[in-house]
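Asks: pasted the sequence and its predicted model underneath.
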Amino acid sequence: MTLPVDPELFAAFLAVTALVVVTPGPAILFALAAGVAHGRRAVLLATAGMITGNVVWFAAAALGLAAVAKAHAGAFQWLRWLGVGYLLWLAAGKFAAAWRESSAAHAPGRKAERPFRDGLFVQLTNPKALVYITAILPPFIEPSRPVGPQLAVFAAAAVALDAAGMITYGFGGAALATRMTELRFRRAFSAATGLLLTLAAILILTQH
């Protein structure tokens, strides 16, 4: 039976993808911020949103996004600015929260408003995802094999590695949630989350 992908090529793909995942980008920083601000449940929901975004990117790859992006690169620039603006808007909310925090006790792991939606939006406007689909993935596709099964295998592996990275970083941030009953810590917490989101916006702005 012929395998969908060459085992050696697949091993190389896993190595490259793992390196991409462990390098903090907008998605990882957003997962970390979700954990810091709202706990593990928000991390899982945010990760689910971002993974859904990944599935959309791979589906687009199957429809020939790589060729379109190379032919009309300027058409994708609006995604970069949309993502930057959205993350900065979220960051502004965190800075405002740090300023107006009261002395009322907050329960650890308080509920995020829309972590799934925010995660999906962040990943759909993440240039790192576009670069991955248009520059990193294509060299691993073998024209001599059916493209659909190859994309399915690569997508499953990439989604699994991405989810593991996002949850690991996010749960690390959530581990700090037990200190949310302290007013001074809550204020610093909100400010730090705002800084993480701002950094994610800067990464989106500076990635090519």
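Replies: Yep, that arrived. Numbers count the residues shown, from 1 in each chain.

Asks: pLDDT below threshold where in this structure?
Replies: For the chain, the stretches with pLDDT under 70 are 1, 23-24, 65-80, 82-83, 86-87, 101-113, 177-182, 186, 200, 203-208.

Asks: rerun at 50
Replies: Scanning the chain with the threshold set as pLDDT under 50 gives 103-112, 208.

Asks: longest helix of it?
Replies: When the chain is parsed with DSSP state H, its longest helix is helix 147-174.

Asks: show me what that helix is packed up against.
Replies: Counting by 3 or more Cβ pairs under 8 Å, 6 or more residues apart in numbering; DSSP states H and E, the packing neighbours recorded for helix 147-174 are helix 7-22, helix 26-38, helix 40-62. Glycine gets a C-beta too; all of them are placed from N, C-alpha and C.

Asks: what are the contacting residues of stretch 165-173?
Replies: For stretch 165-173, the surrounding residues in contact (Cβ atoms under 8 Å, 6 or more residues apart in numbering) are 21-22, 24, 27-29, 31-37, 40, 42-44, 46-47, 50-51.

Asks: buried ones only from those, please, as a ChimeraX command.
Replies: With 16 or more other Cβ atoms under 10 Å as the burial test, the buried ones among the contacts of stretch 165-173 are selected in ChimeraX as follows:
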select :21,24,27,28,29,31,32,33,34,35,36,37,40,42,43,44,46,47,50,51
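
Asks: hang on, the earlier thing: distance between the longest helix of the chain and the chain's centre?
Replies: Helix 147-174 sits 10 Å away from the centroid of its parent chain (Cα atoms, centre = their mean, to the nearest Å).

Asks: what's the answer for stretch 42-59, then?
Replies: Distance, centroid of stretch 42-59 to centroid of chain: 7 Å (Cα atoms, centre = their mean).

Asks: who's in contact with it?
Replies: Contacts for stretch 42-59 (Cβ under 8 Å, 6+ apart): 27, 30-31, 34-35, 65, 109, 111-112, 115-124, 126, 129-130, 132-133, 151, 154-155, 158-159, 162-163, 166-167, 170-171, 173-174.

Asks: for the residue minimising distance to the centre of the chain, which residues are in contact?
Replies: By Cα atoms, centre = their mean, the mean C-alpha position of the chain lies nearest to Ala27, the distance being 2.1 Å. Listed by Cβ under 8 Å, 6+ apart, the contact partners of Ala27 are 50, 119, 122-123, 126, 128-129, 162, 166.

Asks: one more pass at 6 Å, please.
Replies: Residues near Ala27 by Cβ atoms under 6 Å, 6 or more residues apart in numbering: 50, 123, 126.

Asks: for Val5, same thing?
Replies: Contacts of Val5 by Cβ under 6 Å, 6+ apart are 150, 153.

Asks: Three-state assignment for it, please.
Replies: Judged by DSSP: H, G, I helix; E, B strand; the rest coil, the three-state class of Val5 is coil.

Asks: Leu19 and His38, how far apart?
Replies: Per Cβ to Cβ, to the nearest Å, Leu19 is found 29 Å from His38.
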